[in-house]
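Asker: Pasted the sequence and its predicted model underneath.
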Amino acid sequence: MRLARLISGRLLSMLITLLVISLLTYAVFYLLPSDPAQLSCGRPCTPERLADARAFMGFDRSWLQQYLGFLGGIVAGRTFGSGAAAVHCAAPCFGYSFRLNESVTQLIVDRIPVTFSIAIGAAVLWLIIGVGAGVLSAVRRGGAIDRTAMTLSTVGVSAPSYLVGLLGILLFGFTLDMVPVTGYVPLTENPVQWLWHLVLPWVVLAVLSAAVYARLTRGQMLEVLSEDYIRTARAKGLREWRVIGRHGLRNVLIPVVTVFGLDLGTLLGGAVITERVFSMPGLGSLLLDAVGNIDLPLIVGITLFSAFLIILANFLVDLVYGVLDPRAAR
Amino acid sequence: MSTDTQLAPPAPARPKKSRNSWRRLLADRWAVAGAVVVAFFLLVAVAAPLLCAIAGQDPYTYDLDALTEAGAPIGFGGGISAEHWFGVEPMTGRDLFAIVVHGARTSLLVGVGATAVSVFLGVLIGLTAGFYGGWYDRAVSRVIDVLLGFPWLIFVIALGAIVPTSLPKPLLLVGVLAIFGWTSIARIVRSQTLVLKRRTFVVASAAVGAGPWHLLTRQLLPNLSATIIVYATIQIPSMIGAEAALSFLGVGVPPPTPAWGRSIGDAVSWVQTDPMFLVFPGAALFLVTLAFNLFGDGLRDAFDPRTRGLNR
């Protein structure tokens, strides 16, 4: 019962957020003066052809009607134009790129494995390194590990990921010739090569966040370790690793999960930068291409898709959090 | 201001505490080192034309004589010579010293500008939300929650493509970075305001008839100033980093205006043949970010009672 109420409440708030975000994004992108029909009209661009192109793409209607059309496309798919020249965009339709003659959803689906491979691997790495270093630092406060970890974390926070990435390519790629420098191999094609191509991108993307999480975890752990129940646990004669693991870590992880939920958007943005450094064909390079060619439907589609993705992921994190910590469900 | 506000007791003065804070800050070697490096970069940015005049260079003039047929710089370390102190840019032969020095202007201008606007917005929104509460506060909290998790980088990249070119890019960058950057400071200011507004001196002021304007500007704001300064300092390096990241991706400051991020982005294809083209702008960006972070951390440890003793 509690769970059902929790889910329905969060679901409703997520749907409202999705609507507001998409409405705002759509308004911003379509109220600014740019005309995709003009761009795709070709030469010679007679007024009739331009009007035809507009009507075909649906740009002859008001932006609100276009927005409703866009929402309808996500739910039920939509068809552009009519007769023999009509193109159908199946649900969920995030728009249609007239430049590439492909639905935005299909373009995104083709690229998403690359971006997900980078983002998920990096997130796993940063959580392990960050939380691990933070706990060790807090337990041995003031010791050699603590001082080294905190110095490294200050450096890590200040180093831009692309700079670390390029230096990594220079050192491990060119000079030592240990890892491949660019490119992506699908997991389904060759798992070993997939891993090998992703090692450097993962490390690069994880550095900054691991540094942030090490500090966060350390601070939380120090606070938790000074609590009474830790003293009680020790007084009961529990082994130290059990005190840290069972009583300490559990309470440290709650704020870490919260912050992680907020960082998912940053993770996606970081993946875009990492793709550029390592020339990987993911969502980021698709977006940068679209920006370079002013492919408006693709730009709007990717932006809204990423926003939806992050809001959905946050909803899931929220849900997990609500189940783990009963106090948060209220 | 109405006369009855003069009856309000003054906000408690805290000279002793703040003197202690300054002493703590000066005792922090790393914070002082950070401050010195920050001051150095500010000086470089201000004196950029002078420095370039001394070097006899400017960041816009092509020098194709310094390049090979393929466009790579001739000579040691990317073409370092008495003429070109940091070597030259591949393909164009523009002086890298002049580019790095002028790049400091771009970075600091956008970084400090975006921070100033976002701090203004954050303080305004956080202060009023904490003070007035109610539906306004709930709405603000909701907006902050959404914005904090938003994939802002993707949004800003997309925005860069469609904004009319007549709008100056640095101004646009300051604007969008501020729109996505005010949330963290607003959260901090809001939570501090919630605590402060229940303190006796504020309640007493309100009881003798002080209006909301007086309470906000004369009672609450002065007591928040230390927190605001600390978090503004911490925000500057992340704003500098955000501008550099956008310029790196080719959607930030447009050429030919020198920007460290764009130079690093150009260096991607030259990493193997001319690594020094990456090293100089990269080192500058890293150093200024590190310095601001060290200084900001020191400020926070010295002035913010909540984190004191936790970090060291």
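Answerer: Structure's in. What do you need? The structure displayed is predicted, hence computed values, not measured ones.

Asker: Who is A:Y96 paired with across the strands?
Answerer: When assigned by DSSP bridges, A:Y96 has beta-bridge partners A:S103.

Asker: which parts of stretch A:106-122 are buried?
Answerer: Neighbour counts over stretch A:106-122 (16 or more other C-beta atoms under 10 Å in any protein chain shown) mark A:106-108, A:111-115, A:117-119, A:121-122 as buried. For glycine as for every other residue, the C-beta is placed from the backbone atoms N, C-alpha and C.

Asker: I meant stretch A:259-268, not that one.
Answerer: In stretch A:259-268, counting by 16+ other C-beta under 10 Å, buried: A:F260, A:G261, A:L262, A:D263, A:L264, A:G265, A:T266, A:L267, A:L268.

Asker: would you turn the residues you listed into JSON lines with pLDDT, distance to chain B and secondary structure?
Answerer: Below are these laid out as JSON lines (pLDDT from 0 to 100; distance: C-beta to the nearest C-beta, whole Å; DSSP: H, G, I helix; E, B strand; the rest coil):
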{"residue": "A:F260", "pLDDT": "83", "distance to chain B": "11", "secondary structure": "helix"}
{"residue": "A:G261", "pLDDT": "79", "distance to chain B": "7", "secondary structure": "helix"}
{"residue": "A:L262", "pLDDT": "78", "distance to chain B": "5", "secondary structure": "helix"}
{"residue": "A:D263", "pLDDT": "82", "distance to chain B": "8", "secondary structure": "helix"}
{"residue": "A:L264", "pLDDT": "82", "distance to chain B": "6", "secondary structure": "helix"}
{"residue": "A:G265", "pLDDT": "79", "distance to chain B": "4", "secondary structure": "helix"}
{"residue": "A:T266", "pLDDT": "80", "distance to chain B": "8", "secondary structure": "helix"}
{"residue": "A:L267", "pLDDT": "84", "distance to chain B": "9", "secondary structure": "helix"}
{"residue": "A:L268", "pLDDT": "84", "distance to chain B": "5", "secondary structure": "helix"}
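
Asker: What score does the closest residue to chain A within the stretch 101-250 of chain B have for pLDDT?
Answerer: Proximity to chain A, evaluated over the stretch 101-250 of chain B using C-beta to the nearest C-beta, is greatest for B:L153 at 3.0 Å. We have a pLDDT of 86 for B:L153.

Asker: repeat for A:L298
Answerer: 86.

Asker: ok, it to A:G73 distance?
Answerer: 14 Å (C-beta to C-beta, to the nearest Å).

Asker: Same drill for these two, tell me which one is more crowded.
Answerer: More crowded of A:L298 and A:G73, by other C-beta atoms under 10 Å in any protein chain shown: A:L298, with 28 against 25.

Asker: Tell me where the stretch 1-150 of chain B has helices.
Answerer: Assigned by DSSP state H, counting those that start in this stretch, the helices in the stretch 1-150 of chain B fall at B:15-27, B:29-46, B:48-55, B:76-79, B:96-132, B:134-149.

Asker: Any idea which of those helices gets closest to B:F277?
Answerer: Closest to B:F277 of those is helix B:76-79 (C-beta to C-beta; 5.4 Å).

Asker: Mind putting the buried residues of stretch A:259-268 into JSON lines with distance to B:C52?
Answerer: Formatted as JSON lines, these follow (distance: C-beta to C-beta, whole Å):
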{"residue": "A:F260", "distance to B:C52": "45"}
{"residue": "A:G261", "distance to B:C52": "47"}
{"residue": "A:L262", "distance to B:C52": "42"}
{"residue": "A:D263", "distance to B:C52": "40"}
{"residue": "A:L264", "distance to B:C52": "43"}
{"residue": "A:G265", "distance to B:C52": "39"}
{"residue": "A:T266", "distance to B:C52": "36"}
{"residue": "A:L267", "distance to B:C52": "40"}
{"residue": "A:L268", "distance to B:C52": "39"}
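
Asker: returning to that earlier point: in a markdown table, list the buried residues of stretch A:106-122 along with pLDDT, secondary structure and distance to chain B.
Answerer: A markdown table is the format used below for the buried residues of stretch A:106-122 (pLDDT from 0 to 100; DSSP: H, G, I helix; E, B strand; the rest coil; distance: C-beta to the nearest C-beta, whole Å):
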| residue | pLDDT | secondary structure | distance to chain B |
| --- | --- | --- | --- |
| A:Q106 | 88 | helix | 19 |
| A:L107 | 89 | helix | 15 |
| A:I108 | 89 | helix | 12 |
| A:R111 | 88 | helix | 13 |
| A:I112 | 89 | helix | 13 |
| A:P113 | 88 | helix | 18 |
| A:V114 | 89 | helix | 15 |
| A:T115 | 90 | helix | 11 |
| A:S117 | 88 | helix | 18 |
| A:I118 | 89 | helix | 14 |
| A:A119 | 89 | helix | 11 |
| A:G121 | 90 | helix | 18 |
| A:A122 | 90 | helix | 15 |
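
Asker: ok, how many other residues are close to A:G269?
Answerer: Around A:G269 there are 25 residues (other C-beta under 10 Å).

Asker: residue contacts, it?
Answerer: Contacts for A:G269 were tallied using C-beta atoms under 8 Å, 6 or more residues apart in numbering or on different chains; they are B:P151, B:W152, B:L153, B:I154.

Asker: List the residues that contact the second one.
Answerer: The contact partners of B:W152, by C-beta under 8 Å, 6+ apart, come to A:G265, A:G269, B:F180.

Asker: Redo those as JSON lines? Include distance to B:T200.
Answerer: JSON lines is the format used below for the contacts of B:W152 (distance: C-beta to C-beta, whole Å):
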{"residue": "A:G265", "distance to B:T200": "41"}
{"residue": "A:G269", "distance to B:T200": "45"}
{"residue": "B:F180", "distance to B:T200": "38"}
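
Asker: nearest to B:I80, of those?
Answerer: Distances from B:I80 to the contacts of B:W152, taken by C-beta to C-beta, are shortest for A:G269, at 35.2 Å.

Asker: That closest one and B:L173: what is the separation?
Answerer: Applying C-beta to C-beta, the value for A:G269 to B:L173 is 15 Å.

Asker: Quick check: A:L71 touching A:L18?
Answerer: No. In this structure, A:L71 is not within contact of A:L18 by C-beta atoms under 8 Å, at 9.8 Å.

Asker: Between those two, point out the one with more neighbours.
Answerer: A:L18 (18 against 15).

Asker: Spatially, what comes nearest to the more buried one if we skip its sequence neighbours?
Answerer: Leaving aside its sequence neighbours, A:L18 sits nearest to A:I311 (C-beta to C-beta, 6 or more residues apart in numbering or on different chains; 5.8 Å).

Asker: now the angle from the helix or strand hosting the one you found to helix B:134-149?
Answerer: Using DSSP states H and E, A:I311 sits within helix A:296-324. Helix A:296-324 and helix B:134-149 are oriented at 110 degrees to each other (axes from the mean of the first three to the mean of the last three C-alpha atoms, to 10 degrees).

Asker: Sort out which residues of helix A:296-324 are buried, please.
Answerer: Within helix A:296-324, the residues that count as buried by 16+ other C-beta under 10 Å are A:296-311, A:313-315, A:317-319, A:321-322.

Asker: Apart from its neighbours in sequence, what residue is nearest the residue nearest the centre of chain A?
Answerer: Against the mean C-alpha coordinate of chain A, by C-alpha atoms, centre = their mean, the closest residue is A:L268 at 2.6 Å. Of all residues not flanking A:L268 in the chain, B:P151 sits nearest, at 4.7 Å (C-beta to C-beta, 6+ apart).
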